[in-house]
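# attaching a predicted model along with its sequence, questions to come.
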Amino acid sequence: MAFTYSDLKPGELRLLRPVSIREGTFMSLEMAQFERKRAPPYIAVSYTWGEENDMVTLRLNGRNFSVRRNLWFCLTYLSFHAQHSKARYLWVDAICINQGNIPERNAQVRVMDEIYKNAHCVSIWLGLDPDLEFYKPWIEGSVMTLDLDSFDKVTRLADHEYWSRYWVIQECLLARDIQIHCGRSMMSWADFQEALSLEANLRLLAPAGDSVITEMLDTKKHDALPLLLARNPTDGFSQRPLEELIIHHRHSRCKDPRDRVFALLGLIEDWERKSLERYFPNYSLSHDGVVVITLAHLRELNSTSVTLKSQKLFQGLGVESNERQRRLIAAAEDCPYYIGYDDEIIMSDEARQDRARYMGWDDGLEINQYEEVVEDGLQMSDNMSSGVYRCNIL
């Protein structure tokens, strides 16, 4: 009998506990629901989904559940690893989110950043030893028991397709701690950073916008470099403006071009995210609709002047055609859109000052004057019609 989901309440998540694993032949997991704020220590898994038509059946709460083969391998190794870890539970998006329930999926995508941020650690799965992948069709399940002789293939692993995925940006940058797995071998994020930076002759502590970093990103020497550069070796990740993130990760790829914005929302500063979350993520919007809202956001909130010369930004948004760029710029300029805060949102004085500095307001103004500017803008938007949804392209 196939597995069926029970409803997930607001503020909850599902976690997996390995029960029985027999390599290559059988896997049994238990899934339970917890409040996110009271969840036991868990490992959040970051991986590529794999081939859609290559499925394997496992047992989930005693019922059959189909997963892609790459995830089967991943769960096999990470389940063994979890037995010796403080975190005995796993979180995997393909299983812990009911992918057939659209409202639940949208709600869980909205809190994905919290799920990865609160995990005991994030385990990156880079598959089996690259040398074995070619032979996999001719090898039985025993392939999963083979070890890498060493982790001297770091540079090859840095070009694994995993690093080119858009959603892994958030999964990597928000993690408290990261472990990289390839088959039975494991490597810390710090060791991976050091090995790859030495090979690429890269200064990981260089400031944002450094010319060497910009040149390195444009060469696309390794797919893993944008993430290594975005995550400071000592301090982890600091929130960044959306425009900077879009440009920095412009070479990353995603199946759904709307994710070029949606997958970055958990990485931007809180006050900027608040102004966007009334619209995003929303998969009922077209790609053009998402781009128009984003351009209007950058113009209104960040005072960004977007022109046909903004090619790195458009590359990051997945818009290549000059004609399409021109049309979207015009639509964003005509769009009755205002970026602001809802009345019930209360900001700290420090947050207001940060926002004011970011928007170029006079630092000499008092806090209550910042409030007046926002309230005036909100009143103006209230007098308009219901906003972006009147744009022609939507």
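Structure's in. What do you need? As the structure is a prediction and not an experimental result, all values here were calculated from the model.
# show me the helices in the stretch 101-250 of the chain, by range?
102-110, 112-117, 130-133, 154-157, 167-173, 189-200, 211-219, 225-230, 242-248 (DSSP state H, counting those that start in this stretch).
# residue 2 is nearest to which of those helices?
Of all the helices of the stretch 101-250 of the chain, it is helix 102-110 that lies closest to residue 2, at 17.9 Å by Cβ to Cβ. Just so you know, the C-beta spots here come from the backbone N, C-alpha and C atoms, and that holds for glycine as well.
# okay if I get the helices of the stretch 101-250 of the chain as JSON lines plus distance to residue 286, mean neighbour count and mean pLDDT?
As requested, these are exported to JSON lines (distance: least, Cβ to Cβ, whole Å; neighbours: other Cβ atoms under 10 Å; pLDDT from 0 to 100):
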{"stretch": "helix 102-110", "distance to residue 286": "16", "mean neighbour count": "15", "mean pLDDT": "86"}
{"stretch": "helix 112-117", "distance to residue 286": "22", "mean neighbour count": "20", "mean pLDDT": "92"}
{"stretch": "helix 130-133", "distance to residue 286": "37", "mean neighbour count": "14", "mean pLDDT": "57"}
{"stretch": "helix 154-157", "distance to residue 286": "36", "mean neighbour count": "18", "mean pLDDT": "78"}
{"stretch": "helix 167-173", "distance to residue 286": "20", "mean neighbour count": "23", "mean pLDDT": "88"}
{"stretch": "helix 189-200", "distance to residue 286": "37", "mean neighbour count": "16", "mean pLDDT": "79"}
{"stretch": "helix 211-219", "distance to residue 286": "29", "mean neighbour count": "14", "mean pLDDT": "53"}
{"stretch": "helix 225-230", "distance to residue 286": "27", "mean neighbour count": "22", "mean pLDDT": "77"}
{"stretch": "helix 242-248", "distance to residue 286": "18", "mean neighbour count": "21", "mean pLDDT": "91"}
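# out of those helices, which gets nearest to residue 319?
Nearest to residue 319, of all the helices of the stretch 101-250 of the chain, is helix 242-248, at 11.2 Å by Cβ to Cβ.
# quick check: can you list the domain ranges of this protein?
Domain segmentation of the chain under automatic domain parsing yields 1-238, 243-394.
# check those for me: which has the lowest mean pLDDT.
Of all the domains of the chain, the minimum mean pLDDT falls on domain 243-394 (a mean of 69).
# which helices and strands sit right next to the strand or helix carrying residue 327?
Using DSSP states H and E, residue 327 sits in helix 322-334. On a contact count with 3 or more Cβ pairs under 8 Å, 6 or more residues apart in numbering; DSSP states H and E, helix 322-334 meets helix 287-302.
# which strands and helices sit next to the helix it packs on?
helix 242-248, helix 259-262, helix 270-276, helix 311-317, helix 322-334, helix 349-359.
# list the contacts for residue 174?
113, 116, 117, 237, 266, 267 (Cβ atoms under 8 Å, 6 or more residues apart in numbering).
# please repeat the previous calculation with a cut-off of 7 Å.
The contact partners of residue 174, taken as Cβ atoms under 7 Å, 6 or more residues apart in numbering, are 113, 116, 117, 237, 266.
# just residue 284 next, same as before
Counting by Cβ under 7 Å, 6+ apart, residue 284 has no contacts.
# ditto for residue 11
For residue 11, the contacting residues are 35, 36, by Cβ under 7 Å, 6+ apart.
# swap in the one 3 residues further on?
By Cβ under 7 Å, 6+ apart, residue 14 lies in contact with 8, 31, 33, 96.
# narrow these to those that are buried.
By neighbour count, with 16 or more other Cβ atoms under 10 Å, the contacts of residue 14 hold 8, 31, 96 as buried.
# return the subset of those residues lying in strands.
Members of these lying in strands (criterion: DSSP state E): residue 31.
# out of the buried ones among the contacts of residue 14, who's nearest residue 279?
Using Cβ to Cβ, the buried ones among the contacts of residue 14 come closest to residue 279 at residue 8, 23.7 Å.
# identify the spatial nearest neighbour of the closest one, chain neighbours not counted.
With sequence-adjacent residues excluded and distances taken as Cβ to Cβ, 6 or more residues apart in numbering, residue 8 is closest to residue 104, at 5.7 Å.
# now the helices of the stretch 101-250 of the chain as CSV including distance to residue 85?
What follows is these, written out as CSV (distance: least, Cβ to Cβ, whole Å):
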stretch, distance to residue 85
helix 102-110, 24
helix 112-117, 17
helix 130-133, 25
helix 154-157, 22
helix 167-173, 18
helix 189-200, 16
helix 211-219, 34
helix 225-230, 23
helix 242-248, 31
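# looking at those helices, which is closest to residue 292?
So among these, helix 242-248 is nearest, using Cβ to Cβ, at 14.5 Å.
# contacts for that closest one next, please.
With Cβ under 7 Å, 6+ apart as the test, helix 242-248 has contacts from 226, 230, 260, 264, 267-268, 272, 298, 302, 304, 312-313, 316-317.
# which of those residues are buried?
By neighbour count, with 16+ other Cβ under 10 Å, those hold 226, 230, 260, 264, 267-268, 272, 298, 302, 304, 312-313, 316-317 as buried.
# please, which helix or strand holds residue 29?
Going by DSSP H and E, residue 29 is in strand 26-35.
# any idea which helix or strand comes after that strand?
Next helix or strand after strand 26-35 toward the C-terminus (DSSP H and E): strand 42-46.
# packing partners for the following helix or strand past that following strand?
Following strand 42-46 in sequence order, the next helix or strand is strand 55-60 (DSSP H and E). With contacts taken as 3 or more Cβ pairs under 7 Å, 6 or more residues apart in numbering; DSSP states H and E, strand 55-60 sits against strand 26-35, strand 63-68, helix 69-82.
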